[in-house]
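Trainee: no letters, just coordinates:
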């Protein structure tokens with residue numbers, strides 16, 4: 001007899017300053033994919049929330065969607081550059097989980113808010129899709145495809161981003177939210193990599209043909 005119970009899979013996203021996932025999920029034709037895998041979609045901005053005390057770098061407490069309680073949270077991000085944070089990978093993905101619509105208000109303190117989002121909603125496992133990433137100095141709004149051909153995964157989002165930065169030919173010590181997340185105890189930059197040799201998959205992401 002199997003001791004496994006059927007999983008309830010929920011794909012989540014929140015409203016952003018210039019994006020409404022309720023529309024995007026239809027425009028990008030995600031609904032048939034969700035139906036195929038018997039998954040549901042949840043807009044975090046519209047869910048019941050609870051207040052978590054985190055004593056973070058910017059927030060002392062943060063309103064968090066209740067769906068994160070008693071759930072296994074898998075964070076799936078794209079490997080890409082970002083004009084304000086240098087990279088947008090595992091850690092930055094949780095900034096998008098903050099259920100407030102006008103997250104642009106936090107851009108002056110974005111690295112600190114990224115850390116706080118992970119203190120409040122740390123993923124159980126992080127996956128970064130770099131099969132085709134996005135490069136350039138003006139990402140993520142503008143950029144060019146980078147065929148890195150890699151997928152990075154791990155239970156430690158700091159280690160995952162440290163590895164991503166190295167693949168993107170960037171020094172993780174120069175990326176503030178990685179360093180601050182390590183100091184906050186979210187994870188470690190001292191990590192061992194299993195799988196391919198990073199030198200064989202390293203690509204230059206920080207250039208742009210748009211300049």
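Mentor: Okay, I see it. What you see is a predicted model; the values in this text were computed from it and never measured. Numbers count the residues shown, from 1 in each chain.

Trainee: any idea how far the residue nearest the centre of the chain lies from residue 6?
Mentor: Geometric centre of the chain, nearest residue: residue 93, 1.9 Å, by C-alpha atoms, centre = their mean. Separation of residue 93 from residue 6 (C-beta to C-beta, to the nearest Å): 26 Å. Any C-beta I mention is one placed from the backbone N, CA and C, and that applies to glycine too.

Trainee: where along the protein do the helices fall?
Mentor: 21-27, 31-36, 90-93, 110-120, 157-167, 176-183, 198-201 (DSSP state H).

Trainee: now what about the last one, what contacts it?
Mentor: Residues lying outside helix 198-201 but in contact with it, judged by C-beta atoms under 8 Å, 6 or more residues apart in numbering, are 148, 149, 150, 163, 166, 167.

Trainee: selecting buried members of those residues in PyMOL, what would you type?
Mentor: Selecting the buried subset of the contacts of helix 198-201 in PyMOL, with 16 or more other C-beta atoms under 10 Å as the burial test, is done by:
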select buried, resi 148+150+163+166+167
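
Trainee: beta-bridge partners for residue 125, please?
Mentor: Beta-bridge pairing of residue 125 under DSSP bridges involves residue 74.

Trainee: please tell me how far residue 140 sits from residue 200.
Mentor: Taking C-beta to C-beta, one finds residue 140 at 26 Å from residue 200.

Trainee: the more surrounded of those two?
Mentor: residue 140 (17 against 7; other C-beta atoms under 10 Å).

Trainee: let me know the pLDDT of the more buried one.
Mentor: pLDDT, residue 140: 89.

Trainee: contacts for stretch 108-126, please.
Mentor: Under C-beta under 8 Å, 6+ apart, the answer for stretch 108-126 is 52, 54, 56-59, 62, 64, 68, 72-75, 77, 84-85, 90-95, 97-98, 106, 153-157, 160, 176-177, 180-181, 184, 186.

Trainee: no, scratch that, I was asking about stretch 37-56
Mentor: 8-15, 21-22, 25, 30-31, 34, 60-67, 69, 97, 99-101, 112, 115-116, 119-120, 184.

Trainee: rerun at 7 Å
Mentor: The set of residues external to stretch 37-56 that reach it, using C-beta atoms under 7 Å, 6 or more residues apart in numbering, is 9-15, 21-22, 25, 34, 60-67, 97, 99, 101, 115-116, 119-120.

Trainee: need the buried ones from those residues selected in PyMOL.
Mentor: Only the buried entries of the contacts of stretch 37-56 go into this PyMOL selection, using 16+ other C-beta under 10 Å:
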select buried, resi 12+13+14+15+21+25+62+64+65+67+97+99+115+116+119+120
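
Trainee: any chance you could map the strands in the protein?
Mentor: 10-13, 40-43, 49-53, 61-65, 74-82, 86-88, 125-135, 144-146, 150-154 (DSSP state E).

Trainee: among those strands, which is the most enclosed?
Mentor: strand 86-88 (a mean of 26; mean count of other C-beta atoms under 10 Å).

Trainee: what mean pLDDT would you report for it?
Mentor: 96.

Trainee: any regions of this protein where pLDDT drops low?
Mentor: In the predicted model, the chain carries pLDDT under 70 at residues 1-5, 207-211.
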